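Visitor: this one's sequence-less:
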Ligand code: MEV
């Protein structure tokens, strides 16, 4: 799109916003019909998706504005019930866009599947045996889903970790699987179950759990930004003062898990909102992010902020197990439309976008927290919403 900067978008009625969006993105009638509806998931679809269905729960979907990621103008679909999150991310994205935008990337989408082998007479010998038949295991895993391998993905490696568990040494066989544009959970689980009997025979033990790991640390997404200090001036504070406050807030998060947890919650406000809007499994992303934060043994913030020369530099790195095909598209007819609004990213691009939105959410929160506080800092963002409820303008 030409520009993700849409001044006054928030002041429009929803109908006006939709017209503006249709004009900006040249969306056709069919996708437009999916937007602006209070429920896009039919009851029969809902009934087929889960068990014991009794209804459909709505969630507002909004657009994060002002984002520039790797030089691309980007509207970010976000689904969330919490006020201020979208406005705050958009405000931070505006500051960052004036400084050149976010840089973001993500690794090739690779998941880890785990096959646990217990009751091993000689764990080290079992490990050697498994590794010596690596190709056979991979071939069997890929036979479970040959089309993934045909598309350039599939099981690519086997690793073995020997782990003391309850007085015994277990072998955790890791199956590394390139999942391309899918999140990969079903694929990896099916492969783990498919290779389990072979692994059991090779290792001479007993296979127990066969399941993916949501600590998807082969699939990291990163985003960064550099903001000239004067651009941070806000709430009557100078740019350097605001930058110092942001850096001090991250220092506290590095020292205190109670603060780090809340810091990361604010980041996941943004990441999850994009995950939900794009039909992704936000619980998997949450679980992976928090386990990744604790990998050193002490729970750490997902972001780092520092002042270098005359700039505030921010960085985020986290595992993002997100897809843009398969189950994602079937979760709601709105998802393909929202992915289209986001520029039809592939899975790696979507993960990079999520990382940038997480960094923006953190910048907005720390900028307010480090100065006037979250209540006053986000008050202006709430004001429009309050006016909306007070005047009863719902449904527009
Ligand atoms: C609220 O949803 C998120 C914040 O608490 C994040 C933070 O404290 O960094 C404002």
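Guide: Happy to help now that I have it. Everything numeric here is computed off the predicted structure, so don't read it as measured data. Residues are numbered from 1 along each chain as shown.
Visitor: Compute the distance between residue 20 and residue 344, please.
Guide: Computed with C-beta to C-beta, to the nearest Å, the distance linking residue 20 and residue 344 is 20 Å. Heads up, the C-betas are built off the backbone N, CA and C, glycines and all.
Visitor: When those two are compared, which one has more neighbours?
Guide: For residue 20 versus residue 344, neighbours defined as other C-beta atoms under 10 Å are more numerous around residue 20 (14 against 11).
Visitor: For the more buried one, give me the pLDDT.
Guide: Model confidence at residue 20, expressed as pLDDT, equals 93.
Visitor: check contacts around it.
Guide: Counting by C-beta atoms under 8 Å, 6 or more residues apart in numbering, residue 20 touches 6, 9, 12.
Visitor: Serialize those residues to CSV and add fields for distance to the ligand.
Guide: Converted to CSV, those look like this (distance: C-beta to the nearest ligand atom, whole Å):
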residue, distance to the ligand
6, 24
9, 22
12, 26
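Visitor: Now the buried members of those.
Guide: Taking 16 or more other C-beta atoms under 10 Å as the criterion, what is buried in these is 6, 9.
Visitor: Show me which of the contacts of residue 20 is closest to residue 98.
Guide: Within the contacts of residue 20, proximity to residue 98 (C-beta to C-beta) peaks at residue 6, which comes in at 15.5 Å.
Visitor: If I look at residue 145, what pLDDT would I see?
Guide: According to the predicted model, the pLDDT of residue 145 comes to 93.
Visitor: so is the single nearest residue of the stretch 151-300 of the chain relative to the ligand in a helix, a strand, or just coil?
Guide: With C-beta to the nearest ligand atom as the measure, the residue in the stretch 151-300 of the chain that lies nearest the ligand is residue 266; the distance is 2.5 Å. Under the three-state scheme (DSSP: H, G, I helix; E, B strand; the rest coil), residue 266 adopts helix.
Visitor: Then residue 63?
Guide: Note that with three-state DSSP, the state of residue 63 is strand.
Visitor: State the distance from the residue found closest to residue 165 once you drop the neighbours it is linked to in the chain to residue 166.
Guide: Sequence neighbours aside, residue 118 is the residue nearest to residue 165 in space, at 7.8 Å (criterion: C-beta to C-beta, 6 or more residues apart in numbering). Taking C-beta to C-beta as the measure, residue 118 falls 10 Å from residue 166.
Visitor: OK, contacts around the residue sitting furthest away from the middle of the chain?
Guide: Distance from the C-alpha centroid of the chain, by C-alpha atoms, centre = their mean, peaks at residue 121 (41.5 Å). Under the criterion of C-beta under 8 Å, 6+ apart, the contact partners of residue 121 comprise 204, 205.
Visitor: again, only using 10 Å
Guide: Residue 121 sits next to 203, 204, 205 when contact means C-beta atoms under 10 Å, 6 or more residues apart in numbering.
Visitor: Tell me the spacing between it and residue 173.
Guide: According to C-beta to C-beta, residue 121 and residue 173 sit 17 Å apart.
Visitor: just the helices in the stretch 101-250 of the chain please.
Guide: When secondary structure is read from DSSP state H, counting those that start in this stretch, the stretch 101-250 of the chain shows helices at 123-132, 134-144, 146-150, 185-203, 239-255.
Visitor: in the first one, what counts as buried?
Guide: Of the residues in helix 123-132, those scored as buried under the neighbour-count criterion (16+ other C-beta under 10 Å) are 123, 126, 127, 129, 130.
Visitor: okay, now the residue nearest to residue 369 when sequence neighbours are not counted: neighbour count?
Guide: Of all residues not flanking residue 369 in the chain, residue 249 sits nearest, at 6.0 Å (C-beta to C-beta, 6+ apart). Residue 249 sits with 20 neighbouring residues when counted by other C-beta under 10 Å.
Visitor: If you count surrounding residues, which of residue 118 and residue 166 has more?
Guide: Set side by side, residue 118 and residue 166 give different neighbour counts by other C-beta under 10 Å, the larger being at residue 118 (17 against 6).
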